[in-house]
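In: Based on what follows, work out the 3D shape:
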Amino acid sequence: MAFSANQSINVEPFFDAVVVSTTNYASLDNLSHYAISVFDDLQTGDIFEVQTPSNESNAVNIDSAGMVTGTNGDNFKYTLIDGQTFQRVHAQGFEPSGVVGSPPNLDTTPPVLTLIGAATVQVSFGSVYNDQGASASDNIDGDISGNISVGGSVNTNAVGQYILTYNVVDSAGNAATQVTRTVNVVDDESPIITLLGGAIVDITEGDTFIDPGATALDNVDGNITDDIAVGGDTVNVGVVGQYTLTYDVDDAAGNSAVQVTRTVNVNAAPDITAPVLAIIGPATMTHIQGQAFTDPGASWNDDFDGSGVVSAASPLDVNTLGAQVLTYSYTDAAGNVSNQVARTVTVEVGVTAPTLNTGNPVPSAINLATGTPYDLNQHITNPDNVALVFTPDKAIPAGITFVSGVLTKTTSSAISLEDVTFTVNVA
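Out: Residues are numbered from 1 along each chain as shown. Here you go, the predicted structure:
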């Protein structure tokens, strides 16, 4: 090659070749491009061997500005002599004379980017996102994954969609086709409901019930207490029973909280009223010594327990003569004690009850003589001589007296008393 006047070789970064350029020539006749392939950066101090056609060589240095200078009119070719490799030599102002190399075999194939992992990723709000990255391979440079530039960022503290971009350029300046990853930060955590007050509430029938409610917190939406839906039973404080209230809430992302419940027990009002007791039968009675005694008892009536009959606290001692007081009381299920009532029973000596005298039956007709009494007691067996009361079913006519079962005619006139029946009772 021959230098033109005041021209120089300018060394610039390029890829894969030492290139001789014809830029800025005054005349472009018979000019052509030649290059030899090289593989690294041209640096200050690197040396070329400049050879003339007679194989005379001149060594030239590259100065700090990356310029190579030569003598005007010299013919030379340059090759590497120091083992260095270079990216590009841009020669300006040269007129080629003869072949100085082979046409360049330039690298025009871009590298290939491959995502590691899925192209679309879902991560939970508030979690840590670790990107799996990508790999890059070039037909000349090989694995250039370390040169990948990643654009974009992911904020896991904000729900949304984020796009990450991956780019790489090989040493020849070929850019790979950009690949992207979509990262969706989602709220997939359910809110939490917390009851205010107890999960079981007991109230008395007729009392007022005010639901203490509940609170709801969500990792994204914050306090969503106002969105709580209260369902279940309607508490009727007028009806004894068990009622269940339910609490539910969804956050803005549609996540449902675990349902919580409250049980409300409406209990009957306490029984504070004593039962009322009344004696059954007479308050004073007599009883024959040694015979079994059936206690008439006392009746009780209670607002809650209903009604019934209770016997005396202590039974009658039928073998002991004299008056005995039987007492009655009743305690209801709530422990309320009734009023007390009493009965006096007198135990007496036993007697043989009178009976009709079968050996001396009453005749079908009685003739009364004036002044001669007729005693009906003779027709009754009464070993204990208990007092008897005779009651006729017809009026005794005048002229006849009737005292303690004795009939006496007091007149001489004829008197007839027919079909009379006497009832006999112990006095």
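
In: can we go C-alpha only for contacts and neighbour counts from here?
Out: Noted.

In: what domains does the record give for the protein?
Out: According to automatic domain parsing, the chain comprises the domains 1-106, 112-186, 192-267, 276-348, 355-426.

In: I'd like the ones you listed laid out as JSON lines, including mean pLDDT and mean neighbour count.
Out: As requested, the domains of the chain are arranged in JSON lines below (pLDDT from 0 to 100; neighbours: other CA atoms under 10 Å):
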{"stretch": "domain 1-106", "mean pLDDT": "35", "mean neighbour count": "17"}
{"stretch": "domain 112-186", "mean pLDDT": "96", "mean neighbour count": "16"}
{"stretch": "domain 192-267", "mean pLDDT": "96", "mean neighbour count": "16"}
{"stretch": "domain 276-348", "mean pLDDT": "94", "mean neighbour count": "16"}
{"stretch": "domain 355-426", "mean pLDDT": "85", "mean neighbour count": "13"}
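
In: So which residues of the stretch 151-300 of the chain form strands?
Out: Secondary structure of the stretch 151-300 of the chain by DSSP state E, counting those that start in this stretch: the strands cover 160-167, 179-186, 192-195, 200-204, 214-218, 222-223, 229-232, 241-248, 260-267, 276-279, 284-288, 298-302.

In: Just the CA atoms of the second one, as CSV, please.
Out: Just to be clear, that refers to strand 179-186. What follows is strand 179-186, C-alpha atoms only, in CSV (Å, rounded to 0.1, in the frame of the first residue of the first chain):
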residue,chain,number,x,y,z
VAL,A,179,-36.7,-11.6,25.7
THR,A,180,-39.1,-10.6,28.5
ARG,A,181,-40.5,-12.1,31.6
THR,A,182,-43.9,-11.0,33.1
VAL,A,183,-44.0,-11.1,36.9
ASN,A,184,-47.5,-10.7,38.4
VAL,A,185,-47.5,-9.7,42.1
VAL,A,186,-50.8,-10.9,43.4
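
In: Can you name the residues in contact with that strand?
Out: Strand 179-186 is contacted from outside by 113-115, 118-125, 154-156, 158-167, using CA atoms under 8 Å, 6 or more residues apart in numbering.

In: ok, residue 198 - contacts?
Out: residue 262 are the contacts of residue 198 under CA under 8 Å, 6+ apart.

In: so how far is residue 312 from it?
Out: 48 Å (CA to CA, to the nearest Å).

In: With respect to residue 389, which of the strands of the stretch 151-300 of the chain lies nearest?
Out: strand 284-288 (19.1 Å; CA to CA).

In: strand partners of that closest one, parallel vs antiparallel please.
Out: Strands that pair with strand 284-288, judged by DSSP bridges, come out as strand 341-348 (parallel).

In: Surely residue 195 touches residue 259?
Out: No. Using CA atoms under 8 Å, residue 195 is not in contact with residue 259; the gap is 10.5 Å.

In: residues shared between the contacts of those two?
Out: By CA under 8 Å, 6+ apart, no residue touches both residue 195 and residue 259.

In: So what pairs up with the closest residue to residue 236 other than its chain neighbours in the strands?
Out: With sequence-adjacent residues excluded and distances taken as CA to CA, 6 or more residues apart in numbering, residue 236 is closest to residue 266, at 7.9 Å. For residue 266, the beta-bridge partners are residue 203, residue 241 (DSSP bridges).

In: Same list, the strands of the stretch 151-300 of the chain, but as a markdown table with distance to residue 371 please.
Out: As requested, these are exported to a markdown table (distance: least, CA to CA, whole Å):
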| stretch | distance to residue 371 |
| --- | --- |
| strand 160-167 | 138 |
| strand 179-186 | 133 |
| strand 192-195 | 108 |
| strand 200-204 | 87 |
| strand 214-218 | 110 |
| strand 222-223 | 121 |
| strand 229-232 | 102 |
| strand 241-248 | 88 |
| strand 260-267 | 86 |
| strand 276-279 | 53 |
| strand 284-288 | 41 |
| strand 298-302 | 56 |
